[in-house]
Every structure is written in structure tokens, then in C-alpha cells.
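A.B. asks: Sequence and predicted model, in that order:
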Amino acid sequence: MTIAAVSTDRLIAHFAAKLEFETDASDVFAAQQAGERFVLIDSRGDAPWAQGRIVGARHLPTAQIAARAPEEIPLDVPVVTYCWGPGCNGSTRAALEFAKLGYQVKEMIGGFEYWAREGYPVEDAAGPVVRATDPLTAPVDGITCDC
């Protein structure tokens, strides 16, 4: 692998921009615990939503955002979108739809997959779903990786 020389200013701008537009499961969970004001949007369809979802998330499939969001979510409430996981760009498409409507929005990288693998609260139609923390994605004896 060759790493091309890039100016420090460009590197800082790039990584700062990523943090402006993206968040992760650990930060979203911490924000929930702190009572921060935002809405967490599950942008998947009905079957995935029924299969399992993040506790506290709202179900708003991407195709319905333009029609439903203005009626259901105040414009001054920040939005965080998620979909299945890193192999899916559904949360990116959902974030784009919210941005087009004028919302402040971030995409939760890792999606539902990493939320569940990191051991954060998950539910389905029957109630809470208990999963062990995957030691490949999060510390099993703590809530943060200290990164």
C-alpha cells in the first residue's frame, strides 16, 4: 500500500468532515443515555423492522421520508439514520432525503448490525432481544472502546 502525500490541512478537513456527518453506535447510545434531543430513524422496510430494531428508534423507510418526515418530525430536531450495516448504504440514502428537507442529520456507521453486535438494546415485536456483546466489535466488560 502506498500512502500519497497529502497536506495536513486537507487531511484535517477530510476527517473533521467525516465526524460532522457520521456517528457510531457507541456515540448514539451515549447520547440516548444522556437524554440528548434527537430522533433515531430506522430506514429499513417493514420486514427488517419486525425482525429487530434499536430500542427508541422510529420506523421511517427511506421511500416514505419525503412524505412523512415534515408531518412527524419537527425540523429543529436533529436526526440520526441507520440501516442494516456497513454493507448497506440505506442509511446514506435516508440521510440524503432528510438533508434535502432541511434537517440536521448524521448517519450512524455500522448500522443495526454493529448496534446489536456491540450489545446495545434491541427489540422486536415480542419485546427485548438479549444478545451477547461480540468481542470483535466492542469490549465485553465495558460500554466504550475509549477511542
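C.D. replies: Sure thing, it's come through.
A.B. asks: Please make it C-alpha for all contacts and neighbour counts, starting now.
C.D. replies: Noted.
A.B. asks: Mind telling me which residue is nearest the centre of this protein?
C.D. replies: In the chain, the centroid-proximal residue (CA atoms, centre = their mean) is Met108; its distance is 2.4 Å.
A.B. asks: wait, what's in contact with that residue?
C.D. replies: Glu22, Thr23, Asp24, Ala25, Val28, Val80, Thr81, Tyr82, Ser91 (CA atoms under 8 Å, 6 or more residues apart in numbering).
A.B. asks: What are the buried residues along the strand or helix carrying it?
C.D. replies: Here Met108, judged by DSSP states H and E, is contained in strand 105-109. By 16 or more other CA atoms under 10 Å, the buried positions in strand 105-109 come out as Val105, Lys106, Glu107, Met108, Ile109.
A.B. asks: now those residues in a markdown table, with pLDDT and distance to Arg37?
C.D. replies: Compiled in a markdown table, the buried residues of strand 105-109 are given as follows (pLDDT from 0 to 100; distance: CA to CA, whole Å):
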| residue | pLDDT | distance to Arg37 |
| --- | --- | --- |
| Val105 | 98 | 12 |
| Lys106 | 98 | 13 |
| Glu107 | 98 | 16 |
| Met108 | 98 | 16 |
| Ile109 | 97 | 19 |
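A.B. asks: quick one: contacts of the helix or strand following the strand holding Met108?
C.D. replies: Using DSSP H and E, the next helix or strand after strand 105-109 towards the C-terminus is helix 111-117. By CA under 8 Å, 6+ apart, the residues outside helix 111-117 that reach it are 25-26, 53-54, 82-86, 91, 122, 131-134, 137-138.
A.B. asks: going on from helix 111-117, what's the next piece of helix or strand?
C.D. replies: strand 122-124.
A.B. asks: Burial check on Ala25, number of neighbours?
C.D. replies: 22 (other CA atoms under 10 Å).
A.B. asks: Which strands or helices does the lowest-mean-pLDDT helix or strand in the chain pack on?
C.D. replies: Here the helix or strand of the chain ranked lowest by mean pLDDT, DSSP states H and E is strand 127-129, holding a mean of 87. Secondary-structure packing of strand 127-129 (3 or more CA pairs under 8 Å, 6 or more residues apart in numbering; DSSP states H and E): strand 122-124.
A.B. asks: for the record, mean pLDDT for the strand it packs on?
C.D. replies: Per-residue pLDDT over strand 122-124 has a mean of 95.
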